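**Q** The sequence and its predicted three-dimensional model are supplied below.
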Amino acid sequence: TSALYLVATPIGNLADITIRALHILMQVDGIACEDKRHSSALLNAYGISKPLYAVHEHNEKSASQHIINKLAQGERWAYISDAGSPGISDPGATLCDEVRQAGFLAIPLPGPCAVITAISASGEFLNNSDGSFQFLGFLPAKATQRDAMINFAVNSNVASFFYEAPHRIEATLKALAEKTAATQRIFIAKELTKIFEEITILKSDEITQWLNQVKSWQGEYVLGVEASPKKPVESEFDEATLAWIKAIDNE
Ligand code: SAM
């Protein structure tokens, strides 16, 4: 039956694609993709040759109609973004909605996602938020808006992760170091699954020294900041009850 498959693709290492993803890409009638040239490299590597149709942030609505017309003819299509999971800081959301509204299935295939890959190697970074985290997408480009987002993350009671462009990474890490508590840790995952992969976890007060020895900022990054070390106020009990609890404890 006709359906749209949302297929996750590698974030660097071409081998990071599931058997199911390859199977679906080989079976579908066509593949919608963000950038035809970019996706051809992946598809050629696996000997997959299919009609490609460009769906990107500037034509997602009209392109969706094209895909829906194909599905209406009984075809099956896949959507792949340039890298990682469709719809995660990538186009795909509108296509997914439009396809469902037209009465067809939009079926997700699990696979690579930079933020999830980063978190899986973050060790005990989530410990002081009991495993909870929030993903904030790309940090805003403007410094004032970026700083507001950083403030929000730094004061959150869950760990926060975000994507940042390489040409802004140094300034962003400086801003992060300024706003975090000295013991609050910062997480930097660079070039995951690629040759120059590097994972660094530092306390905020170690960042300045670390920044000075970085030779090149080129590459792709996931950043994270630990949950705020400030404990939320325990509002569960009123003062009289707390006094009782204290008195009992002292007995
Ligand atoms: N859809 C993708 C996903 O599932 O992760 C994200 C696409 S978004 C346009 C690209 C951003 O993801 C990059 O600027 C970088 O912040 C992050 N990213 C992608 N690949 C990465 C990698 N191999 N290592 C570190 N970060 C990566």
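**A** Everything's here; your move.
**Q** from here on, contacts and neighbour counts on C-alpha atoms
**A** Noted.
**Q** Now do the buried residues in stretch 120-129.
**A** 122, 125, 126, 128, 129 (16 or more other C-alpha atoms under 10 Å).
**Q** Can I get that stretch in PDB, CA atoms only?
**A** Output of stretch 120-129 as PDB, limited to C-alpha atoms (Å, rounded to 0.1, in the frame of the first residue of the first chain):
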ATOM      1  CA  SER A 120      24.300   8.200  24.400                       C
ATOM      2  CA  ALA A 121      28.000   8.900  25.100                       C
ATOM      3  CA  SER A 122      27.400  11.600  27.700                       C
ATOM      4  CA  GLY A 123      28.100   9.300  30.600                       C
ATOM      5  CA  GLU A 124      26.800  10.600  33.900                       C
ATOM      6  CA  PHE A 125      26.000  14.000  32.500                       C
ATOM      7  CA  LEU A 126      22.200  13.400  33.000                       C
ATOM      8  CA  ASN A 127      22.700  12.100  36.500                       C
ATOM      9  CA  ASN A 128      21.800  15.300  38.300                       C
ATOM     10  CA  SER A 129      18.500  15.500  36.400                       C
END
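**Q** what does the stretch 151-251 of the chain put close to the ligand?
**A** For the stretch 151-251 of the chain, the contact set with the ligand under C-alpha under 6 Å from any ligand atom comprises 163, 164, 165, 189, 190, 191, 192, 193, 220, 221, 222.
**Q** for those, which one is nearest residue 201?
**A** The closest of those to residue 201 turns out to be residue 189 (C-alpha to C-alpha; 8.6 Å).
**Q** Pairing-wise in the sheet, spell out the partners of that closest one.
**A** residue 199, residue 222 (DSSP bridges).
**Q** Residue 63 versus that one, what's the distance?
**A** Distance, residue 189 to residue 63, by C-alpha to C-alpha, to the nearest Å: 34 Å.
**Q** which one of those two has more residues nearby?
**A** Taking other C-alpha atoms under 10 Å, residue 189 and residue 63 do not tie; residue 189 has more neighbours (23 against 18).
**Q** Correct me if wrong: the more buried one contacts residue 223.
**A** Yes. At 6.4 Å, residue 189 and residue 223 qualify as touching, with contact defined as C-alpha atoms under 8 Å.
**Q** nearest residue to residue 205 other than its sequence neighbours?
**A** If the residues on either side of it in the chain are set aside, residue 205 comes closest to residue 182, at 5.1 Å by C-alpha to C-alpha, 6 or more residues apart in numbering.
**Q** what's the burial count for the one you found?
**A** 14.
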